[in-house]
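*Asks:* here is my input; please provide its structure:
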Amino acid sequence: MSYRSRRDFLIASTTGIAGYRFGYSVNGYAAESLSGPRKRAKSTILFFLCGGASQADTWDMKPDAPSDYRSPFSLINTASPEIQLCEHLPMTAKVADKLAIIRSVTDGGRATGDHHAGYYYNLTGHAPDTTFKQLGNDRRPYPDDFPFMGSVVGMSREAHPSLPQAITLPHKPSRPPYTRPGQFAGKIGSIHDPLYLTADHAEPMRFSAPSLTLQTDQGRLEDRRELLKSIDQARRRFDGNASARNLDSFQEKAFSLLSSSGTSSAFDLQKESEKTRERYGGTVNGTSLLMARRLVEAGVPFITVFWRGDLSLRSKCRSAGSWDTHGNNFSCLKDNLLPEFDRGYSALIEDLSEKGLLDETLVLVSSEMGRKPKIGDRRSGGISGAGRDHWTTCQSVLMAGGGIQGGQTFGKTDSKGEYPVENVLSPSDITRTVYHAMGVDDLMAMDQSGRPFNLLDEGRAITELF
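*Replies:* So this is what the prediction gives:
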């Protein structure tokens, strides 16, 4: 289906004009075929460190490596005897007994080293196709892409009474026209796209969404009349499409979202104490993690927090102000990235644990790639620029909650941290592990032409972690 305008696309994505169902309502294909007594997680929070986080300075440090590889940061002990972490993660160290650190994820030479391919592989579990090699970071999201893992999880669950099945915040990476592939529902239809909430560094407590405004100070939603008008316009444009015949029910769902007291309550961060908001750090990324915890409490199956970079760091880090530290890797991590991550992430793990929600909430920390273990990037003057280039050959992934056994490491890299040497894994294995934790074991679905296909036929669930 082609969308005549961005507005039409937002309406279609938000209210579900286009798309096909999965599992319970697709010609007998079951969404959840649970095997054994394992208790499934109710929600997943994906914390995606946009840019490519350096495993060599955080989760998989090599203090005995040669000086041109070795991080200047020291290791510290943690709450788990099996885990040591970077000295600039002291609060995360206190919750390490709840973490599983997976150190041996590799693209196996199947990605391109570009951000778009890294997003796609790590968000869908599918290796990038030849279009990524041809187009690099100019490769746009395609309607026949394999779906985002959050869309798959969301469509496998019975519909939430008032909230979307998948919600992404605080932004949609990256700025058009370079929108990253892999974060959308693709071939299963835009009805399963996440709802995007946006916030920025200037107003980290204020979240807004397409076609509606979330007024956290008033606890209500506005712009309903404009949304109705837009939906009516969309109805006329989509009259020729079979899925538009159910527009009345989609319209009703949209108004339910807009008017529900549960919606406004879930999105209202003012209901949190000042102490809690301060514990998360008060930054846009920390506040997004707090919002994610509220959405877990509200019963949303999949919440994604894409790290929002600070453009004021662009010159310092030779990046868009995120984890893409082509220059000054160590000062950017020490001064900016690690303190913000450490505070917000540790607060989330503590908060979920104290509220009794961690066992039923999988928390996944991932990125589109790792950083090159050998110090120096030609884009920032080589060794003198103290940057780390892209490195898809090896990256680390964190998991906590959702049945994961905490306090462990899994997989191993060589003495320089360049290549996995034990329990070698791919992003497909990580995605299958998310599905396993969430109880999504039958991965057959229908595409928009009514043809059955396997959502992910590669990889295996890392059951040793549970």
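
*Asks:* so what's Tyr419 up against?
*Replies:* Neighbour list for Tyr419: 106, 393-394, 413 [criterion: CB atoms under 8 Å, 6 or more residues apart in numbering]. Just so you know, the C-beta spots here come from the backbone N, C-alpha and C atoms, and that holds for glycine as well.

*Asks:* can I get the residues you listed in JSON lines with pLDDT, neighbour count and secondary structure?
*Replies:* Compiled in JSON lines, these are given as follows (pLDDT from 0 to 100; neighbours: other CB atoms under 10 Å; DSSP: H, G, I helix; E, B strand; the rest coil):
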{"residue": "Thr106", "pLDDT": "97", "neighbour count": "21", "secondary structure": "coil"}
{"residue": "Thr393", "pLDDT": "96", "neighbour count": "20", "secondary structure": "coil"}
{"residue": "Cys394", "pLDDT": "96", "neighbour count": "27", "secondary structure": "coil"}
{"residue": "Thr413", "pLDDT": "98", "neighbour count": "25", "secondary structure": "strand"}
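
*Asks:* tabulate those residues (CSV), appending distance to Val152.
*Replies:* Conversion of the contacts of Tyr419 to CSV gives the following (distance: CB to CB, whole Å):
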residue, distance to Val152
Thr106, 23
Thr393, 27
Cys394, 26
Thr413, 29
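
*Asks:* contact partners for the residue nearest to Gly299 when sequence neighbours are not counted?
*Replies:* Among residues not flanking Gly299 along the chain, His160 sits closest, at 5.8 Å (CB to CB, 6 or more residues apart in numbering). Residues in contact with His160 (CB under 8 Å, 6+ apart) are 299-301.

*Asks:* repeat for Ser366
*Replies:* 46-49, 122, 397-398, 430.

*Asks:* let's see that with 6 Å instead.
*Replies:* For Ser366, the contact set (CB atoms under 6 Å, 6 or more residues apart in numbering) comprises 48, 122, 397.

*Asks:* tell me the spacing between the nearest residue to Glu87 once chain neighbours are set aside and Leu85.
*Replies:* Leaving aside its sequence neighbours, Glu87 sits nearest to Ser74 (CB to CB, 6+ apart; 4.5 Å). Separation of Ser74 from Leu85 (CB to CB, to the nearest Å): 10 Å.

*Asks:* with His390 instead?
*Replies:* Between His390 and Leu85 the computed distance is 23 Å (CB to CB).

*Asks:* next one: Ile102
*Replies:* Using CB to CB, Ile102 is found at 14 Å from Leu85.

*Asks:* and those two? which has more neighbours close in?
*Replies:* Using other CB atoms under 10 Å as the criterion, Ile102 and Leu85 rank with Ile102 on top: 26 against 23.

*Asks:* next one, pLDDT for the more buried one please.
*Replies:* pLDDT recorded at Ile102 is 98.

*Asks:* quick one: secondary structure of it?
*Replies:* Recorded secondary structure, Ile102: strand (DSSP: H, G, I helix; E, B strand; the rest coil).

*Asks:* measure it to Gly370 for me?
*Replies:* For Ile102, the distance to Gly370 equals 12 Å [CB to CB].

*Asks:* what's the answer for Thr44, then?
*Replies:* According to CB to CB, Thr44 and Gly370 sit 22 Å apart.

*Asks:* repeat that for Leu364.
*Replies:* Distance, Leu364 to Gly370, by CB to CB: 16 Å.

*Asks:* more crowded one of these two?
*Replies:* Using other CB under 10 Å, the more surrounded residue of Leu364 and Gly370 is Gly370, with 31 against 24.

*Asks:* that one against Cys394, yeah?
*Replies:* Yes. Contact status for Gly370 versus Cys394: in contact at 5.4 Å, counting by CB atoms under 6 Å.

*Asks:* picking up where we left off before, give me the pLDDT for the residue nearest to Gly299.
*Replies:* For His160, the model assigns a pLDDT of 88.
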